[in-house]
Every structure is written in structure tokens, then in C-alpha cells.
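In: Pasting a predicted model and its sequence here:
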Amino acid sequence: MATSTSENLQDVAQSARETLAQQKDGAANHLGNLAGTLRKAARESDGGADAPAAHMTEWAADALERVSATLRSNDLNGMMRQVESFARSQPVAFFFAAAATGFLATRFLKAGARASPAQQDGAGPQAGSQREPGSYQPSGGAIDKTDAASTAPL
């Protein structure tokens, strides 16, 4: 029985490793595609290639391409060793990076939850009666102060 449990745990661990590797490769591909899209947008922007926004967009595309290449070239164990090494050598920076990552992940998850498929196609329970906080109301309605405050930039 102990052998069966041990084999099951190994199977689960192997399955988790394979799933993470697939997600890592998918993330690398998505980041590479996003970098290409950003470059295209920078080239086609109205301000031209010399505009500050175009330079920032190119910089962001470069960074995304570096992250994508790193994800493609490293295996999960190697990346974990690098993270552990960084955490040991720079614990304060690691803490703030982890906190920022958690904050951004939460913001993205909340933003995705607001745009659920039922709300997008108007099939929600109160379709038409709900609005985005701080949104424009052509019927002359006032913007709710609590809604406007909740959408203030950070």
C-alpha cells in the first residue's frame, strides 16, 4: 500500500511538472506575441518613431522579448534555483517584487472578473441596469461619488 501511495505521489508530481512546463511554454509564446504586437503598434503610431510613447513601447517590447527568451531557454528547476538564489542574496528586493507581483495579479484577476462573459453579451441578470463605476450616463444621471472614488488611479 505504501508503494502505491508513493507511486501516486510521483505520478501527481510528474503531471504537475508537465503542466507547468506547458504553461511556461505557452506564457513564453504569449509574451513573444505581445512583444511583436507592441513593436507593430510603436511603428504604426501617429507620433512616429521619435515619439516618447514609441520609445517606451519599444522598451517594453524588448523587455517582454527578454522574458520570453528566458522562459524558453530555462527549465523549471533552473528558474526555481535562480529565484531561490535571488531571494537569498536580495531578500528585501525579493519581498517587494513578490508583493508587487501579487498586487498586479490581483488587479488582473479583478479586471477579468468584471468583464465576465454574461456581462459582455448582455445576458446578465440585470442587463442594462448596471454600469461601470464612473461611466458616462447620457440620460443626465449624475456619477455616484463612491463609484468615482473607487476608480481613482493608484
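Out: Yes, it's here.

In: contacts and neighbour counts: CA atoms only from here.
Out: OK.

In: Residue 39: neighbouring residues, count only.
Out: 20 (other Cα atoms under 10 Å).

In: With residue 104 as the reference, measure out to residue 34.
Out: 18 Å (Cα to Cα, to the nearest Å).

In: swap that for residue 77, please
Out: For residue 77 relative to residue 104 (Cα to Cα), the value is 25 Å.

In: What ranges does the chain have for its helices?
Out: 2-44, 52-73, 76-89, 91-114, 117-120, 145-150 (DSSP state H).

In: which of those sits most buried?
Out: A comparison of these by mean neighbour count, using mean count of other Cα atoms under 10 Å, puts helix 52-73 on top with a mean of 17.

In: what packs against it?
Out: Applying 3 or more Cα pairs under 8 Å, 6 or more residues apart in numbering; DSSP states H and E, one finds that helix 52-73 contacts helix 2-44.

In: My read is that residue 29 contacts residue 69, right?
Out: No: Residue 29 lies out of contact with residue 69 (Cα atoms under 8 Å); the separation is 9.3 Å.

In: how does the chain divide into domains?
Out: Following the assignment in automatic domain parsing, the chain carries domains at 1-73, 76-116.

In: got the contact list for the residue nearest to residue 94 when sequence neighbours are not counted?
Out: In space, and not counting its chain neighbours, residue 94 is closest to residue 87: 5.3 Å by Cα to Cα, 6 or more residues apart in numbering. When contacts are counted by Cα atoms under 8 Å, 6 or more residues apart in numbering, residue 87 touches 93-95.
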